[in-house]
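Trainee: Okay, predicted coordinates and the sequence, questions at the end:
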Amino acid sequence: MFPAAFDYRSPASLDEALGLLSEQGDAAKVMAGGQSLIPLLKLRFAQPAMVVDIGRLSGMSGVSRNNGSLRIGALARHVDIERNKELGGAWAIFPETAHWIADPLVRNQGTIGGSICHADPSGDWGSVMLALSADLVARSSKGERVIHAADFFKGPFETALRPDEILTEVRVASGSKSAGGAYNKLERKVGDFATVAVAVQVELEGGKVSKAGIGLTAVGPMNIKAVAAEKALVGREPTDAVVAEAARLAAEAAEPKSDVRGSAEFKKDIVRVFVQRGLKTAIARAKGVSA
Ligand SMILES: Cc1cc2nc3c(=O)[nH]c(=O)nc-3n(C[C@H](O)[C@H](O)[C@H](O)COP(=O)(O)OP(=O)(O)OC[C@H]3O[C@@H](n4cnc5c(N)ncnc54)[C@H](O)[C@@H]3O)c2cc1C
């Protein structure tokens with residue numbers, strides 16, 4: 001199917017893009033890599049009067065680390081993250097997740113910001129943002145605001161972004177040198193969206209968990225932050241029993257539906273297994289030993 005007619009703009013700067021959005025309101029749609037938007041246009045699920053293509057804007061795709069914190073430009077493509085050598089150690093969850101996304105064709109075009117803004121409950125980056133308690137930086141012609149990941153996802157394909165805003169950057173703070181994460185994903189075949197996936201990030205201090213984040217993919221109407229499971233870890237030594245209890249609580253937080261990929265019961269059990277497995281890997285990585 002062909003998309004409905006629209007006016008295509010390729011602004012030369014972020015300010016120009018923001019100006020177009022403030023004029024057009026919700027009649028305009030931002031396009032980054034086009035990997036989700038173009039199928040929506042072709043199916044006519046989206047029929048914007050204008051598409052504002054920000055994919056070629058410069059200065060919005062970098063990755064930088066400063067005093068333990070991390071910034072990733074919204075236009076960083078999945079492949080840029082997968083191959084970035086800066087993103088090892090405490091940030092190993094980034095290349096690990098990127099590698100699980102789709103296939104090389106999609107990873108070459110799709111962006112981290114586009115994926116977060118698309119807010120597909122089966123999208124992989126949303127859970128990583130929740131596990132990392134990331135700050136998502138939005139700009140409009142009125143200025144900048146920071147939205148915590150936990151406040152960003154509002155429902156299936158729905159976010160806290162206003163129509164005149166562009167997500168420019170992801171920021172993650174880390175208070176500890178001993179941090180590690182992991183992303184585990186079950187898919188029916190290579191390149192598929194998740195049947196179930198789990199993002200886990202921990203920080204350790206004095207042998208105890210000082211910070212824990214767990215995000216769940218494809219087991220509810222949006223990516224889910226497993227808050228009770230996170231709380232069960234913080235301040236505790238991560239023994240097998242503590243990890244097993246966190247995994248049980250995370251499975252309880254999942255709200256999967258039975259479908260061709262598996263029963264709800266099966267998916268909940270995969271959450272439990274992946275939280276346990278992810279925590280073991282994340283803790284080993286935080287300690288600097290191979291898992
Ligand atoms: C065959 C196939 C398989 C896939 N498999 C997976 C998978 O396994 N896991 C997974 O997570 N994803 C998967 N995806 C989706 C892929 O990750 C997309 O790249 C991603 O969802 C959208 O990124 P994009 O840059 O292409 O965004 P676009 O398609 O350009 O935009 C998506 C949405 O976000 C908005 N948007 C984009 N950027 C911004 C911004 N900076 N600020 C404000 N709004 C913005 C757009 O208006 C649009 O509504 C798959 C896609 C395809 C086609």
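Mentor: Nice, I can see it. Just so it is clear, the model here is predicted, and its values are computed rather than measured. Residues are numbered from 1 along each chain as shown.
Trainee: From here on, just use CA atoms for contacts and neighbour counts.
Mentor: Noted.
Trainee: Quick one: residues contacting residue 230.
Mentor: The neighbours of residue 230, taking Cα atoms under 8 Å, 6 or more residues apart in numbering as the test, are 212-214, 246.
Trainee: most surrounded residue in these?
Mentor: Among the contacts of residue 230, the one with the most neighbours (other Cα atoms under 10 Å) is residue 214, at 32 neighbours.
Trainee: Mind giving me the packing neighbours of whichever strand or helix holds it?
Mentor: Assignment of secondary structure by DSSP states H and E places residue 214 within strand 208-217. Applying 3 or more Cα pairs under 8 Å, 6 or more residues apart in numbering; DSSP states H and E, one finds that strand 208-217 makes contact with helix 124-131, strand 196-205, strand 224-225, helix 227-233.
Trainee: Can you list phi and psi of the closest residue to residue 40 other than its chain neighbours for me?
Mentor: In space, residue 40 comes closest to residue 46 once its chain neighbours are excluded; the distance is 5.6 Å by Cα to Cα, 6 or more residues apart in numbering. With angles defined as degrees, to the nearest 10, residue 46 shows backbone torsions of phi -120, psi 130.
Trainee: what about residue 46, neighbour count?
Mentor: By other Cα under 10 Å, the residues close to residue 46 number 15.
Trainee: pretty sure it is touching residue 38, no?
Mentor: No - using Cα atoms under 8 Å, residue 46 is not in contact with residue 38; the gap is 9.1 Å.
Trainee: Report the separation between residue 169 and the ligand.
Mentor: As defined by Cα to the nearest ligand atom, to the nearest Å, residue 169 lies at a distance of 8 Å from the ligand.
Trainee: I'd say that residue and residue 64 touch.
Mentor: No - proximity of residue 169 to residue 64 does not meet the contact threshold set by Cα under 8 Å, at 11.0 Å.
Trainee: all helices of the stretch 1-150 of the chain, in order?
Mentor: Taking DSSP state H, counting those that start in this stretch to define them, one finds helices in the stretch 1-150 of the chain at 14-24, 37-42, 78-82, 93-100, 104-109, 112-118, 124-131, 149-152.
Trainee: can you put these in CSV and add mean neighbour count?
Mentor: Formatted as CSV, the entries for those read as follows, by neighbours: other Cα atoms under 10 Å:
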stretch, mean neighbour count
helix 14-24, 18
helix 37-42, 16
helix 78-82, 23
helix 93-100, 22
helix 104-109, 16
helix 112-118, 24
helix 124-131, 29
helix 149-152, 19
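Trainee: Next, format those helices as JSON lines and append distance to the ligand and mean pLDDT.
Mentor: Written out in JSON lines, the entries for those read as follows (distance: least, Cα to the nearest ligand atom, whole Å; pLDDT from 0 to 100):
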{"stretch": "helix 14-24", "distance to the ligand": "10", "mean pLDDT": "98"}
{"stretch": "helix 37-42", "distance to the ligand": "4", "mean pLDDT": "96"}
{"stretch": "helix 78-82", "distance to the ligand": "8", "mean pLDDT": "98"}
{"stretch": "helix 93-100", "distance to the ligand": "6", "mean pLDDT": "97"}
{"stretch": "helix 104-109", "distance to the ligand": "6", "mean pLDDT": "96"}
{"stretch": "helix 112-118", "distance to the ligand": "3", "mean pLDDT": "98"}
{"stretch": "helix 124-131", "distance to the ligand": "4", "mean pLDDT": "98"}
{"stretch": "helix 149-152", "distance to the ligand": "12", "mean pLDDT": "98"}
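Trainee: Including distance to residue 163, could those helices go into JSON lines?
Mentor: Below are the helices of the stretch 1-150 of the chain laid out as JSON lines (distance: least, Cα to Cα, whole Å):
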{"stretch": "helix 14-24", "distance to residue 163": "7"}
{"stretch": "helix 37-42", "distance to residue 163": "15"}
{"stretch": "helix 78-82", "distance to residue 163": "24"}
{"stretch": "helix 93-100", "distance to residue 163": "27"}
{"stretch": "helix 104-109", "distance to residue 163": "23"}
{"stretch": "helix 112-118", "distance to residue 163": "11"}
{"stretch": "helix 124-131", "distance to residue 163": "19"}
{"stretch": "helix 149-152", "distance to residue 163": "14"}
